[in-house]
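Enquirer: With the input below, show me the fold.
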Amino acid sequence: QVQVVESGGGLVQAGGSLRLSCAASGPILRINTMGWYRQAPGKQRELVATIISGGSTNYADSVKGRFTISRDNAANTAYLQMNSLKPEDTAVYYCTTRATYYRLGSSVSADFWGQGTQVTVSS
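Expert: Just a heads-up that it's a prediction; the model follows:
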């Protein structure tokens, strides 16, 4: 199985910055897409940003110009640099990856999620 672990969350004042990291490990052949989602209390989980293996990125309108997603393909790691944070960015941030991995002698593709990391932005 593939494991996904996020780190880097915390408490920051409005206008500040945080950098989240997401590391995928296991019998991985290839990481296709990596992405970040977030879920605020009482709200549905929403897309923040995604990045494909070739480097193309996609952002939610609410974070364009403030957040930057990047990845290190060799390390199966993705990052989310968050600048100019706002109180409305407060949420649990989840990393997800679509990975092709070895399973019982064959290659299989599936989506995996991390446990999430809390980001709290105070006003």
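Enquirer: Report the separation between the residue lying farthest from the centre of the chain and Pro27.
Expert: Within the chain, the residue lying farthest from the chain centre (C-alpha atoms, centre = their mean) is Gly105, at 28.8 Å. Gly105 sits 11 Å away from Pro27, going by C-beta to C-beta, to the nearest Å. For glycine as for every other residue, the C-beta is placed from the backbone atoms N, C-alpha and C.
Enquirer: Once you drop chain neighbours, what's closest to Ala110?
Expert: Leaving aside its chain neighbours, Ala110 sits nearest to Ala99 (6.8 Å; criterion: C-beta to C-beta, 6 or more residues apart in numbering).
Enquirer: On the strand side of things, show who that neighbour bridges to.
Expert: Using DSSP bridges, the bridge partners assigned to Ala99 are Ile31, Ala110.
Enquirer: Next, count neighbours for it.
Expert: 24 (other C-beta atoms under 10 Å).
Enquirer: Now do the contacts for it.
Expert: Val2, Ala24, Gly26, Ile28, Leu29, Arg30, Ile31, Asn32, Ser109, Ala110, Phe112 (C-beta atoms under 8 Å, 6 or more residues apart in numbering).
Enquirer: How about Arg98?
Expert: By C-beta under 8 Å, 6+ apart, the contact set of Arg98 is Ile31, Asn32, Thr33, Met34, Ser109, Ala110, Asp111, Phe112.
Enquirer: mind running it again at 7 Å?
Expert: Residues in contact with Arg98, defined by C-beta atoms under 7 Å, 6 or more residues apart in numbering, are Asn32, Thr33, Ser109, Asp111.
Enquirer: okay, it: pLDDT?
Expert: pLDDT for Arg98: 96.
Enquirer: follow-up on the earlier one: pipe the contacts of Ala99 into TSV and attach neighbour count and pLDDT per row.
Expert: Formatted as TSV, those follow (neighbours: other C-beta atoms under 10 Å; pLDDT from 0 to 100):
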residue	neighbour count	pLDDT
Val2	20	94
Ala24	22	97
Gly26	14	93
Ile28	16	93
Leu29	11	93
Arg30	13	93
Ile31	23	94
Asn32	12	93
Ser109	12	94
Ala110	12	95
Phe112	18	97
